[in-house]
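Peer 1: Return a 3D structure for these sequence lines:
(one chain, ligands or ions: 1)
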Amino acid sequence: MARLKRSKNGAGAHYDRISSWYDIVAGPGERKFIRAGLKLLHADCGDRILEIGSGTGWALRDLAAAVDSGGMVSGIDLSMKMIRKAVDRGVKGYSGRQPALMRGTGTELPCRSHTFDAVFMSFTLELFETRDIARVLGECRRVLKRQGRIVVVSLSGAGGRRRTVEIYEWLHRRFPAYVDCRPIFVEDVVRGAGFEIVETLKMSMWGLPVDLVLAETGS
Ligand SMILES: C[S@@+](CC[C@H](N)C(=O)[O-])C[C@H]1O[C@@H](n2cnc3c(N)ncnc32)[C@H](O)[C@@H]1O
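Peer 2: Numbers count the residues shown, from 1 in each chain. Reported below is the predicted structural model:
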């Protein structure tokens, strides 16, 4: 896994800066992976779900519709401006309760233990420093109920070295302010945090592997 050189404040400031055009640039490319990740998570009526790195709220909207009024959806994000975008999006089209949005970091979730049935993360875990990835997943385990489930959608370095991954990592080292994440070993880090892997889908974005991992806390 390539090292990531950026402070937490740097990450928040970066997403504040790009919040107005994030959906135009990143949205269309990433949406099909988010949809596939949500299908894997299979949110059900009445579920309580947390999204970490909820961004401009695309997944929140679908999650809120799936859990309906008996459930609850919360989103946490480091960038206040990304949260505002999600709030703007949220007023339209929810059949269920509005998601509760919080500003904070995935390494210290401001949530009680054993609160959620499921956690969702798309294109976010690979933004954390290597040592913080384990902290984020540890926090996910803490806030999940027994037999809770997690879906992580992330750029992946698994499956051997690929030219596309090498080029992407070079761009990340050379222009960290623009290419701000790097492929990670998704199954390994999820399993390493004590989750049981249930299913992994392998997809690809512009030749870069994307892994969608569904895992459970176990009983
Ligand atoms: C690449 S965007 C992905 C947004 C959304 N999940 C999606 O797939 O469209 C990453 C998001 O994670 C947020 N983020 C970055 N570092 C974070 C941290 N330490 N804790 C919580 N959120 C963070 C960013 O502000 C941004 O909204």
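Peer 1: Please make it C-alpha for all contacts and neighbour counts, starting now.
Peer 2: Noted.
Peer 1: could you point out the longest strand in the chain?
Peer 2: strand 144-155 (DSSP state E).
Peer 1: can you give me how far the next helix or strand after that strand is from the chain middle?
Peer 2: Where DSSP states H and E defines the elements, the next helix or strand beyond strand 144-155 is helix 163-174. Helix 163-174 has its C-alpha centroid displaced from the chain centroid by 21 Å (CA atoms, centre = their mean, to the nearest Å).
Peer 1: Could you point out the helix or strand that follows helix 163-174?
Peer 2: Under the assignment DSSP H and E, the closest C-terminal helix or strand after helix 163-174 is helix 186-192.
Peer 1: one step back: and the longest strand of the chain with the ligand, contact?
Peer 2: No - judged by CA under 6 Å from any ligand atom, strand 144-155 and the ligand are separated, with a smallest distance of 8.2 Å.
Peer 1: What values do phi and psi take at the residue lying closest to V213 once chain neighbours are set aside?
Peer 2: Spatially, and ignoring its direct neighbours in sequence, V213 is nearest to T200 (4.5 Å; CA to CA, 6 or more residues apart in numbering). T200 adopts backbone torsions of phi -130, psi 130, taken as degrees, to the nearest 10.
Peer 1: same question, R84
Peer 2: The phi/psi pair for R84 (degrees, to the nearest 10) is phi -60, psi -40.
Peer 1: List the residues that contact it.
Peer 2: Counting by CA atoms under 8 Å, 6 or more residues apart in numbering, R84 touches T56.
Peer 1: now it: how far from the ligand?
Peer 2: Applying CA to the nearest ligand atom, to the nearest Å, the value for R84 to the ligand is 11 Å.
Peer 1: what's the answer for R174, then?
Peer 2: 18 Å.
Peer 1: Name the helix or strand of this structure that has the lowest mean pLDDT.
Peer 2: When each helix and strand of the chain is scored by mean pLDDT, DSSP states H and E, helix 163-174 comes last, with a mean of 76.
Peer 1: who's in contact with the residue minimising distance to the centre of the chain?
Peer 2: Taking CA atoms, centre = their mean, the centroid of the chain lies closest to M121, which sits 2.0 Å from it. M121 is in contact with 51-54, 151-153, counting by CA under 8 Å, 6+ apart.
Peer 1: Include distance to G90 and pLDDT when you put the residues you listed into CSV, please.
Peer 2: CSV is the format used below for the contacts of M121 (distance: CA to CA, whole Å; pLDDT from 0 to 100):
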residue, distance to G90, pLDDT
E51, 14, 98
I52, 17, 98
G53, 16, 97
S54, 12, 97
V151, 22, 98
V152, 23, 98
V153, 22, 98
